[in-house]
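Engineer: 3D, please:
(one chain, ligands or ions: 1)
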Amino acid sequence: MSKLKVILSGGGTGGHIYPAIAIADEIKRRNPEAEILFVGAKNRMEMQKVPAAGYSIKGLWISGIQRKLTLDNLSFPLKLISSLFKSHQILKQFKPDVVIGTGGFASGPLLKAANQKNIPTLIQEQNSYAGITNKWLAKGVQKICVAYEGMEKYFPSSKIQFTGNPVRQDLLKIDENNEKAIAHFELRPEKKTILVLGGSLGAKKINELIEENIVFFKEQNVQLIWQTGKLYYEKFKAYAANEHIKVHQFLNEMDLAYAAADLIISRAGAGSVSELCVVGKPVIFIPSPNVAEDHQTKNARSISQNNAAIYLKESALKEEFKNTFAGLLKNEKKQQELSENIKKMAKPNATKDIVDAVEKLIKA
Ligand SMILES: CC(=O)N[C@H]1[C@@H](OP(=O)(O)OP(=O)(O)OC[C@H]2O[C@@H](n3ccc(=O)[nH]c3=O)[C@H](O)[C@@H]2O)O[C@H](CO)[C@@H](O)[C@@H]1O
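Structural biologist: Here you go, the predicted model:
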């Protein structure tokens, strides 16, 4: 039989890239001979993160449509036509058996071109609402794997399969013994470690919160792994002069970061939430209020309603953060409860179920 050939496309932010990498890893695990190619958007995060994960990637000249009127939007039709043309060329050369899209504008032209060529296609939607690209693609694709109930609002119900979000393999089994992780981040083993995550791009408001509370964290006798995001790193990196603060622009070893953490403060992007469920540690969610349909707040609420995490509103941080944090840090019983409950919400088989669906598509 000829080698299996798969194209994965998605990107713009980590939320679309890491699910694609998790799916690619599972395909490779099942078919070590498979040829895998990624297609992303030029100058976006995927152009570094995908090769770092061991896969090759081609970049299209494409960017998202802004929800408001901008100059950038004017060049969009030209970018779209040029990317569709390039996508057709890529498909002609690579001849994939299947094309998988994980959302973000990067995946639009390629999946559209694959539909035009009658190549089987599957998309994966991470959020509780449909992204613009996935909505645009829904009619032409064969299968739509989702992570939330009620997605019939956006997609044809006959194509929907409820799988959950793919989580990278190395995050499915976090080391319970955190010695290696503590050493990796040059932390002190006798102190509690707080992991601060702002999503793949970093979060300005969370960074400012940490900055305001440097002394408070010292008084609480905790140490921090603080992921600022690339955009904000220069502004905050000097805080690493404090012995209890480790500043990183991006964490390449999320398995170690999760293993080191006793408590996690995080944005509530869909991928982060899915990972945090699998990891099963106490979490304080501070969702971004600036995303489409306020979906991060919905994500955070769906967890906190089950007594599985704490949800803090960004606008209430001044009044509520210190008390909430100090209260949780003292209360080991509550931490235990949150850990047990969040684990119950994990979907560790998501990647396997998606790859099963991909195999079915190819066979059909
Ligand atoms: C501001 C914004 O538009 N956010 C959206 C974006 O979030 P964002 O890109 O932040 O994505 P997620 O929270 O879904 O996932 C972040 C991913 O990046 C990884 N990671 C993060 C930080 C780091 O230092 N190292 C690292 O590897 C995480 O392990 C995770 O796999 O896509 C998500 C999925 O569509 C949406 O739900 C979010 O609302």
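
Engineer: Please determine whether stretch 35-47 lies in contact with the ligand.
Structural biologist: No - against the ligand, stretch 35-47 shows no contacts by Cβ under 6 Å from any ligand atom, the least distance being 8.3 Å. Any C-beta I mention is one placed from the backbone N, CA and C, and that applies to glycine too.

Engineer: For that stretch, what does the pLDDT average out to?
Structural biologist: Predicted confidence along stretch 35-47 averages 95 (mean pLDDT).

Engineer: got a list of contacts for it?
Structural biologist: Outside of stretch 35-47, the residues within contact range by Cβ atoms under 8 Å, 6 or more residues apart in numbering are 3-14, 16-17, 20, 24, 27-28, 50, 55-63, 87, 90, 94, 96, 104-107, 110, 200-201.

Engineer: try 6 Å
Structural biologist: Stretch 35-47 is contacted by residues 3, 5-9, 11-12, 17, 24, 50, 55, 57-62, 94, 106, 110 when judged by Cβ atoms under 6 Å, 6 or more residues apart in numbering.

Engineer: Narrow those to those in strands?
Structural biologist: Using DSSP state E, 5-9, 57-60 are the members of the contacts of stretch 35-47 that sit in strands.

Engineer: just to revisit the earlier point, out of the contacts of stretch 35-47, which end up buried?
Structural biologist: For these, a neighbour count by 16 or more other Cβ atoms under 10 Å gives the buried set as 6-9, 11-12, 17, 24, 50, 55, 57-60, 62, 94, 106, 110.

Engineer: Isn't Cys277 up against Ala346?
Structural biologist: Yes - under the criterion of Cβ atoms under 6 Å, Cys277 makes contact with Ala346 at 4.0 Å.

Engineer: what mean pLDDT would you report for the strand or helix carrying Asp72?
Structural biologist: Under the criterion of DSSP states H and E, Asp72 resides in helix 71-74. Taken as a whole, helix 71-74 has an average pLDDT of 75.

Engineer: pretty sure Lys180 is in a helix, no?
Structural biologist: Yes - with DSSP: H, G, I helix; E, B strand; the rest coil as the criterion, Lys180 is located in a helix.

Engineer: Next, count neighbours for the residue in the stretch 251-364 of the chain positioned nearest to the ligand.
Structural biologist: Of all residues in the stretch 251-364 of the chain, Gly269 sits closest to the ligand, with a separation of 2.2 Å (Cβ to the nearest ligand atom). With neighbours defined by other Cβ atoms under 10 Å, the count for Gly269 comes to 26.

Engineer: what's the answer for Glu208, then?
Structural biologist: The burial count assigned to Glu208 is 14, neighbours taken as other Cβ under 10 Å.

Engineer: ok, and the closest non-adjacent residue to the residue in the stretch 51-200 of the chain that the ligand sits nearest to?
Structural biologist: When Cβ to the nearest ligand atom is the measure, the stretch 51-200 of the chain has its nearest residue to the ligand at Gly199, with 2.6 Å between them. Once flanking residues are discounted, Gly199 sits nearest to Arg267: 4.1 Å by Cβ to Cβ, 6 or more residues apart in numbering.
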